[in-house]
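[1] Predicted model and sequence follow; I will ask about them next.
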Amino acid sequence: MVTELDGCTPWDMSTRDLTFRFLLDGDPTFTQGIVDYTSLDVDSMGDYDDSGEVEVGDLNLVLFNWNEDGANLPATWVNERPAAGTAVAIDQLNGVLFNWGNLSSLAAVPEPATITLVWLALLAACSSAWTCSSAWNRPR
């Protein structure tokens, strides 16, 4: 498959041209490595409707199809469908509940407010430690 980007020179995406070699501890000979060209799947467990977030739509899919065979699920159940012969049960409910609010496409990144609170806590701890050590070191 040849791909072209903004009129630039095309490149062949089917060629697996990246290789690497590495040394194992205590072994002086190089070992040939394997580069895996698969795409990264970032689906979050519990995002059954593929909305990008684990939310009420996923919970509704589980509850409205409770104990239903995986073969009979609606087309809106896109991700992690139970196999035919397997009923929708506690595993799917846990998938929603334990991942509630998670985004499928983003890694876990702390909220700015969390970072601010951590900095304030560190500042208060350092300030308290400095004040206490200053009180102990005062001439009497």
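    Nice, I can see it. What you see is a predicted model; the values in this text were computed from it and never measured. Numbers count the residues shown, from 1 in each chain.

[2] just the strands in this protein please.
    Under the criterion DSSP state E, the chain contains strands at 2-3, 11-12, 21-23, 30-32.

[3] ok, Arg21 touching Thr31?
    Yes: applying Cβ atoms under 8 Å as the test, Arg21 and Thr31 come out as touching, 6.5 Å apart. Heads up, the C-betas are built off the backbone N, CA and C, glycines and all.

[4] From Arg81, how far out is Val96?
    Using Cβ to Cβ, to the nearest Å, we find Val96 at a distance of 14 Å from Arg81.

[5] Between these two, which is the more surrounded one?
    Val96 (23 against 14; other Cβ atoms under 10 Å).

[6] I'd say the more buried one and Glu53 touch.
    No: between Val96 and Glu53 there is no contact under Cβ under 8 Å: 11.1 Å.

[7] ok, how many other residues are close to Asp47?
    Using other Cβ under 10 Å, Asp47 has 24 neighbouring residues.

[8] give me every residue that touches it.
    Glu53, Val54, Asp58, Asn79, Asn99, Asn102, Ser104 (Cβ atoms under 8 Å, 6 or more residues apart in numbering).

[9] Counting neighbours, what do you get for the second one?
    Other residues within reach of Val54 by the criterion other Cβ under 10 Å amount to 24.

[10] I figured Leu103 hits Gly52, correct?
    Yes: counting by Cβ under 8 Å, Leu103 touches Gly52, with 6.2 Å between them.

[11] Glu55: neighbour count?
    18.

[12] Could you number the chain from 648 rather than 1 from now on?
    Sounds good: first residue 648 from here, last item Glu702.

[13] Quick one: residues contacting Leu767.
    Applying Cβ under 8 Å, 6+ apart, no residues contact Leu767.

[14] neighbour count winner among Leu750 and Gly699?
    Taking neighbours as other Cβ under 10 Å, Leu750 and Gly699 compare with Leu750 leading, 17 against 14.

[15] How much space separates that one from Trp766?
    Separation of Leu750 from Trp766 (Cβ to Cβ): 24 Å.

[16] and if you look at Asn726?
    When distance is defined by Cβ to Cβ, Asn726 is 37 Å away from Trp766.
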